[in-house]
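1. Sequence plus predicted model, see below.
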Amino acid sequence: MQITAVEGLGAEITDVDIKSLSDAEFNAIRDAFAEHGVIFFRGQDTREEDHIAFAERFGDINVNRFFAAHPNYPQIALVAKEPDQKDNIGGGWHTDHSYDHEPALGSVLVARELPESGGDTMFASMYKAYENLPSDLKEKIEGRTAIHSGKHIFGEGPDSYYNTSDAGTHDEGTQRIGNASVAEALTDPEHPIVIEHPLSGKKALYVNPAFTREIVGLEKSESDELLAELYAHVFKGHDFHHRFKWEPGSIAMWDNRSTWHWALNDYQGQRRIMHRITIEGCALDA
Ligand code: SIN
């Protein structure tokens, strides 16, 4: 097995079959995941059971409350876009589950049906985003916390950056995810803006445009301004972005605590079907 860092962030893991990992191989994969934030595999011939077994080695599976589930495997959420849908799931920079008190560790995404072209996924490193943050911005967020929520996205409100490929638009396609009663029952958590990563111990920036609502202790306008500065820093940080091109048999596993991702929506009229399994995480500390 070989682990090779890729441009921006992440590592590609080759010469391995995720169906038959020894304990030593699995431990090396888990370490690479903690260090690089996202790991990629190519040419994996997997069935749903293999996907589930691989994910379970990392922890308990979080059964998604908002996405459609695989008809036979409730542990697998469908990240699907049909040819008649305009918007996709995850079509803007975000990290999953920050609206939970114990945000999920990460997700294992398996490509099942790909468009002829397009449909790449972008990743951004929140370790590097924090490291590269100008010192005045580091000072402004030192010791601060922010409130996160999923209500505006999975609940009834139509106003969603996450659901739209182009902020400000919204169409029928987005109705295929959501669960208003569950979303409305969520209690919004407060997380540190800079977390100490539970696996690597490294500092990571932990706010995201989809789910972070406001910085605690600031006026709304000041909070919006500071969040916008932090997001602009990540949007511009091309040296800590990676664009992953999917192929049949590709798998990506990302860490929700140390990365953002964005599913590009540039394949209108084509189908893209991905299977996602999310793994439970833990409360996050500064
Ligand atoms: C997601 O945000 O979970 C979807 C990522 C993708 O489809 O590439």
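-> Here it is on my side, so go on. Numbering: from 1, shown residues only.
2. Leaving out chain neighbours, which residue sits closest to the residue in the chain that the ligand sits nearest to?
-> Closest approach of the chain to the ligand (Cβ to the nearest ligand atom) occurs at G90, with a separation of 2.4 Å. Where C-beta positions appear, they are placed from N, C-alpha and C, glycine not excepted. The shortest distance from G90 to any non-neighbouring residue, by Cβ to Cβ, 6 or more residues apart in numbering, is to A263 (3.9 Å).
3. Regarding the residue of the chain closest to the ligand, what is its secondary structure?
-> Assigned state for G90: coil (three-state reduction, DSSP: H, G, I helix; E, B strand; the rest coil).
4. in terms of contact, does it touch W260 like I think?
-> No - taking Cβ atoms under 8 Å as the definition, G90 is not a contact partner of W260, at 10.3 Å.
5. These two - which one has more neighbours?
-> Neighbour comparison, G90 and W260: the larger count goes to W260, with 27 against 23 (by other Cβ atoms under 10 Å).
6. packing partners for the strand or helix carrying Y127?
-> Using DSSP states H and E, Y127 falls within helix 126-131. For helix 126-131, the elements it packs on are strand 203-205, helix 220-236, judged by 3 or more Cβ pairs under 8 Å, 6 or more residues apart in numbering; DSSP states H and E.
7. Can you name every helix or strand that the lowest-mean-pLDDT helix or strand in the chain contacts?
-> Sorted by mean pLDDT, DSSP states H and E, the helices and strands of the chain end with helix 180-185, the least confident at a mean of 78. When contacts are defined as 3+ Cβ pairs under 8 Å, 6+ apart, helix 180-185 sits against helix 151-154.
8. hang on, the earlier thing: what sits up against the helix holding Y127?
-> Here helix 126-131 makes contact (Cβ atoms under 8 Å, 6 or more residues apart in numbering) with 9, 37, 95, 138, 194, 197, 200, 202-206, 233-234, 237, 239-240, 257-260.
9. Now it: buried residues?
-> Across helix 126-131, burial judged by 16 or more other Cβ atoms under 10 Å covers 126-130.
10. quick one: A228 from P115, how far?
-> From A228 across to P115, the span is 32 Å (Cβ to Cβ, to the nearest Å).
11. quick one: which of these two has more around it?
-> Set A228 next to P115 and count neighbours by other Cβ under 10 Å: P115 wins out with 17 against 11.
12. which residues sit in contact with that one?
-> Residues near P115 by Cβ under 8 Å, 6+ apart: 267, 270-272.
13. how about the residue of the chain most remote from its centre, what does it touch?
-> Going by Cα atoms, centre = their mean, the residue of the chain most distant from its centre is E219, 28.3 Å out. Residues in contact with E219 (Cβ under 8 Å, 6+ apart): none are found.
14. Close to the ligand: what parts of the chain are there?
-> Neighbours of the ligand within the chain, by Cβ under 6 Å from any ligand atom: 79, 89-90, 109, 121, 261, 263, 274, 276.
15. any idea which of those is closest to M1?
-> Nearest to M1, judged by Cβ to Cβ, of these is L109 at 20.4 Å.
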